[in-house]
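Engineer: Provide a 3D model corresponding to the input given below.
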Amino acid sequence: MIPVAAIDASAITGVILCGGSARRMDGVEKPLQPLAGQPMVQHVRARLAPQVGCVVISANAHADAYGQWGDRVVPDVEAGQGPLGGIVSALGVVTTPYAFCCTGDSPRLDPLLVSRLAALLDATGVDAVYPHDGTRTQPLFLLLRTTVRDGLMQYLCDGGRKVTTWLEQLSLAVHDARDIADSFLNCNTLAELSAAGAHFSSGADAAPLSPSTVESL
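Structural biologist: Residues are numbered from 1 along each chain as shown. Take a look at the predicted model:
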């Protein structure tokens, strides 16, 4: 049985991280690459938006393209800080008490992931929670209290860049998400993007499952 979070979706801002360099995809703007007729990030957003109160996109280029859905697009305040630079910059404009971060190249995001993480965060009272897919942890699918921003700023000012090292400074809980491991599959290469396109074109991921559908499985 999937737990129900006491934290309302309206209290959570979704942050889509799109600021990577895409070295393994010939330097193209990876989240904007077409997947089944839409930019890959649009698939991510379509699955994330119903789970949160609003969406913010962390991106350092192509602001018009990322802004086409009406979301706020936030560039990194300081370059060279990796994904944590995107998170800390996005948190600077977030007004909700919680934020959920995910990557812009993960088009199979589960439609109940945020709620599942929120239930664990609410039950444990920790600073942040993230999933384990049965093989490894997935710290860039992270639900956190936005009050952690000051500590993250200090960590970056001290030269820290590694996500897991920063998370070790927080109180944490890890959610068992092995049943939705496909949620964390991303497209790092053009070959992986092509394979994902074939999967979507087959109709396997034409639309996210609704909560009622999941409960019936």
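
Engineer: what about residue 15, which SS state?
Structural biologist: What DSSP: H, G, I helix; E, B strand; the rest coil gives for residue 15 is strand.

Engineer: need the contact list for it.
Structural biologist: 55-58, 86-87, 90-91, 94, 99-102 (Cβ atoms under 8 Å, 6 or more residues apart in numbering). In this view, the C-beta of every residue, glycine as well, is placed from N, C-alpha and C.

Engineer: do that again at 10 Å, thanks
Structural biologist: Residues in contact with residue 15 (Cβ atoms under 10 Å, 6 or more residues apart in numbering) are 48, 52, 55-58, 74, 86-87, 89-91, 93-94, 99-102, 142, 144.

Engineer: for it, which residues make a bridge with it?
Structural biologist: residue 56, residue 101 (DSSP bridges).

Engineer: what's the distance between it and residue 68?
Structural biologist: When distance is defined by Cβ to Cβ, to the nearest Å, residue 15 is 17 Å away from residue 68.

Engineer: swap in residue 189?
Structural biologist: Separation of residue 189 from residue 68 (Cβ to Cβ): 25 Å.

Engineer: do the same with residue 127
Structural biologist: Distance, residue 127 to residue 68, by Cβ to Cβ: 33 Å.

Engineer: and the contacts of residue 15, which of them are buried?
Structural biologist: 48, 52, 55-58, 74, 86-87, 89-91, 94, 99-102, 142, 144 (16 or more other Cβ atoms under 10 Å).

Engineer: higher neighbour count, residue 189 and residue 68?
Structural biologist: Neighbour comparison, residue 189 and residue 68: the larger count goes to residue 189, with 13 against 10 (by other Cβ atoms under 10 Å).

Engineer: list the contacts of the residue nearest the centre of the chain.
Structural biologist: Central residue of the chain (Cα atoms, centre = their mean): residue 102, 0.9 Å from the mean position. By Cβ under 10 Å, 6+ apart, the contact set of residue 102 is 14-17, 44-45, 47-48, 109, 113-114, 138, 140-143, 183-184, 186.

Engineer: one more pass at 8 Å, please.
Structural biologist: Residues in contact with residue 102 (Cβ under 8 Å, 6+ apart) are 14, 15, 16, 17, 44, 48, 109, 140, 141, 142.

Engineer: okay, now the fourth one: neighbour count?
Structural biologist: Residue 17 is surrounded by 26 other residues when neighbours are defined as other Cβ under 10 Å.

Engineer: roughly how far apart are it and residue 109?
Structural biologist: Using Cβ to Cβ, residue 17 is found at 12 Å from residue 109.

Engineer: now the third one
Structural biologist: In this structure, residue 16 lies at 9 Å from residue 109, with Cβ to Cβ as the measure.

Engineer: who has more neighbours, these two?
Structural biologist: Neighbours per residue (other Cβ under 10 Å) separate residue 16 from residue 109, with residue 16 holding more: 29 against 25.

Engineer: next one, pLDDT for that one please.
Structural biologist: What the model reports for residue 16 is a pLDDT of 98.

Engineer: touching, it and residue 54? I think so.
Structural biologist: No - Residue 16 is beyond contact range of residue 54, at 11.6 Å (criterion: Cβ atoms under 8 Å).

Engineer: helices of this structure, residue ranges please.
Structural biologist: 40-48, 63-66, 82-91, 113-124, 149-157, 163-167, 190-201, 211-216 (DSSP state H).
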